[in-house]
Structures are given as C-alpha cells and as structure tokens.
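Novice: Only the shape, not the letters, is given here:
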C-alpha cells in the first residue's frame, strides 16, 4: 500500500495541475507564440516544446487551453495557428494561461465537440442554401416556359409513436381501461 501512495504522490508532485504554467517557462512560451503569430505559420506542440525545452504534454495542454480561451486557432488535429495572439499583452497572456491550466480535460473535449458541431452546422447550412437555390432555379425555369409547378408538396406525416399507456394495452387485449384496472 505504501508503494501506491508513493507513486501517487510522485505523479501529483510532477504535476499537470494548476502549476503547469510554471513548468512551461511562461516567458519563453509567450515569446515562442508571438514568434509564430508574427510569421503566421502553423505549428505543433512538438515544435513549441522543442523550441522552449518544455514537456510536450504540458505544452499540448496549454495550447488546448489557450485555444479554448480564444487566443489560438486550431487548424487541424495537433496543429495550431497563433494569429489571434498578435495583440495580446504579456499580462493578459499570463492570466489566460492560468485559466487555461485550470480547464479540465472534459471541458476541453466539450469545447472541441462544440466547435466540431458548429462546423458541421455551417456545412449543412451551406448545403441547404444550395438546395434552396437549385429549387428556386428550377421553379423559375418551369414558370419561364409557362409550366405550372403545382402545389408545394406537404411533408410526409410520421405515424404516431406507440406507447405503453393503459389505453393502448386495453385495445390489445380487447378490454376497456376500466375492466383492465379492476
């Protein structure tokens, strides 16, 4: 049992918790992000960790947190762009890094899922607008040639969902609701 405790205390002291900003070397991290922002190039956590000599996992967590805070842009899986970072003063960066290091993985996962759903929503909206434009084009072509397109088709009505309420159960066995309850 003491072995487990010593391993647990070693893990928590080498930590990924609230002091991951201190482990990074905030000044070096800030300077590296500013350099990437000025060049506009896409970078990975490995690039940053190699440049500043920090733990890749800590850099990756910090980049995810800063992305969730809106200071970085996630381009692809594991690739970032720091152009929104151009005008960020160092004091604001330190506060954002502190907030980002407190963001738990569940929240980060939720934020990335929200971003994915928003992107999917934009794609579906574009497809819908394209379908509407195509419909309008064909309706205009029909009207131009004097063809009546007819009434707008009604949406297909879905059959009602069957529930297991007593009224439906009595209809199955042939008794009335009063008979089946007594």
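Specialist: Alright, I've got the coordinates. The shown structure was predicted, so the numbers you read here are calculated from the model rather than taken from an experiment. Numbering: from 1, shown residues only.

Novice: Where do the domain boundaries of the protein fall?
Specialist: Using automatic domain parsing, the domain parsing of the chain gives 14-103, 104-147.

Novice: Now do the last one, average pLDDT.
Specialist: The predicted model gives domain 104-147 an average pLDDT of 89.

Novice: Now find how far off-centre that domain is within its chain.
Specialist: 18 Å (Cα atoms, centre = their mean, to the nearest Å).

Novice: that older thread, which of the domains of the chain is buried the deepest?
Specialist: domain 14-103 (a mean of 17; mean count of other Cβ atoms under 10 Å). (Each C-beta comes from the backbone N, C-alpha and C, glycine too.)

Novice: picking that back up, how about the domains of the chain in TSV, adding distance to residue 153?
Specialist: Shown next, in TSV, are the domains of the chain (distance: least, Cβ to Cβ, whole Å):
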stretch	distance to residue 153
domain 14-103	42
domain 104-147	11
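
Novice: closest one to residue 157 among those domains?
Specialist: domain 104-147 (21.6 Å; Cβ to Cβ).

Novice: closest one to residue 154 among the domains of the chain?
Specialist: Using Cβ to Cβ, the nearest of these to residue 154 is domain 104-147, at 15.8 Å.

Novice: hey, where'd the strands end up in the chain?
Specialist: Assigned by DSSP state E, the strands in the chain fall at 73-76, 79-81.

Novice: Worst mean pLDDT among these?
Specialist: When I compare the strands of the chain, strand 73-76 is least confident, with a mean of 84.
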